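> Fold the following.
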Amino acid sequence: MSTLREALSQALGREVQSLRRVAGGDLNDAYTAQLTGGAAVFVKTAADAAPHAYTREAEGLAWLSEPGALAVAKVMAVADEPAGPRFLALEWVDRGERTAETDELLGRGLAALHAAGAPSFGGTDDLVLGPLTLPNGAMDRWPEFYATRRLLPLARLAADRGALPPGGLELLDRLVDRLDDLCGPGEPPARLHGDLWSGNVLTGAGGRPWLIDPAAYGGHREVDLAMLSLFGAPGPRMLESYGDAAPLAAGHEDRVALWQVMPLLAHAALFGGGWGASAVSAMRRYVG
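Residues are numbered from 1 along each chain as shown. Predicted coordinates for the structure are as follows:
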């Protein structure tokens, strides 16, 4: 603890007087760092984080903040070298009460964030999901990207863990063969949060939604919405607000489970349990 506090003090240029453990998800230890003068900083750290994980997250936060569409936690310091404590320090977001406008602000802001776009599907660096690293090389076609950069690598990782039911890989191969037909009308790459479940949307002061913990990349905009539906269903006002700002393509309701195969496989690869069976169940909706 003292080593982390000293490293934080040096990186922030201010003395860290205390560290207090707080809730921080399944993959990191999280702390409130109290600084001289009374300010607080949120700190996440994990000894087994993938190489460059915190640097990639810091870059993702900066990329998501560029359009000014939604509030995004500001990076205060990042340390990602194996020789010392590895951490990401973010501005502290004071929690507020969710109001009637919170969902509307989130829907409208998320539509604007997606519309800010990306140069391609994917990006320049590998995508880091906790201890997992996924290929993220740029592609022009979403069905090919979704298959080769997300579904197939995640399924192999889940299978290596023994988390896929028998026949799961073969079922995925059949799904991949149909993606050109299943993915719907072509759309330009959207600027995705990439890990948009309800726990990564904080309600700040005045009911303002804030984004944290991204796995940002260029992708299909329906992916973010599908993940919100999987882990903490968005309110109807959020979806209406999004649709008013950026109407979704015909058939989007039928594609929700298709996009949810990805986070279900990721959870199978990370945590095992019944996540692999849930992924297979989602696949069966499209390949029988």
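> any idea where the helices of this structure begin and end?
In the chain, helices defined by DSSP state H lie at 2-12, 53-65, 102-115, 142-145, 152-160, 168-177, 179-182, 222-230, 236-245, 252-271, 275-287, listed in chain order.
> Nearest residue to the residue lying farthest from the centre of the chain in space, please, no chain neighbours.
Of all residues in the chain, residue 37 has its C-alpha farthest from the mean position, at 32.9 Å, by Cα atoms, centre = their mean. Leaving out its chain neighbours, the residue that sits closest to residue 37 by Cβ to Cβ, 6 or more residues apart in numbering is residue 14, at 7.3 Å. From N, CA and C alone the C-beta is placed, and that goes for glycine too.
> rewinding a little: which of the helices of the chain sits closest to residue 19?
Across the helices of the chain, residue 19 has its closest neighbour in helix 2-12 (5.6 Å, Cβ to Cβ).
> Identify all contacting residues around that closest one.
15-16, 18-19, 31, 33, 35, 41, 43, 45, 76-79, 84-85, 87, 89 (Cβ atoms under 8 Å, 6 or more residues apart in numbering).
> just the buried members of these?
Among the contacts of helix 2-12, those that count as buried by neighbour count (16 or more other Cβ atoms under 10 Å) are 16, 19, 31, 33, 35, 41, 43, 45, 76-79, 85, 87, 89.
> Mind picking the lowest-pLDDT entry from those residues?
Comparing pLDDT over these, the lowest score belongs to residue 85 (90).
> what sits against that one?
By Cβ under 8 Å, 6+ apart, residue 85 lies in contact with 3, 4, 7, 8, 45, 79.
> in terms of contact, does residue 287 touch residue 168 like I think?
No. Counting by Cβ atoms under 8 Å, residue 287 does not reach residue 168; the two are 11.6 Å apart.
> The two: who's more crowded?
Neighbours were counted for residue 287 and for residue 168 using other Cβ atoms under 10 Å; residue 168 has more, 20 against 15.
> residue contacts, residue 235?
Residues in contact with residue 235, defined by Cβ under 8 Å, 6+ apart, are residue 103.
> how near is it to residue 194?
Distance check for residue 235 against residue 194: by Cβ to Cβ, to the nearest Å, it reads 21 Å.
> What's the local residue count around residue 180?
Around residue 180 there are 12 other residues, counting by other Cβ under 10 Å.
> If you drop the residues flanking it in sequence, what lies closest to it?
Distances taken as Cβ to Cβ, 6+ apart put residue 143 closest to residue 180, at 5.1 Å, once the chain neighbours are dropped.
> Contacts only, for that neighbour.
Neighbours of residue 143 in contact, by Cβ under 8 Å, 6+ apart: 179, 180, 182, 183.
> what's the burial count for the third one?
In other words, residue 182. 17.
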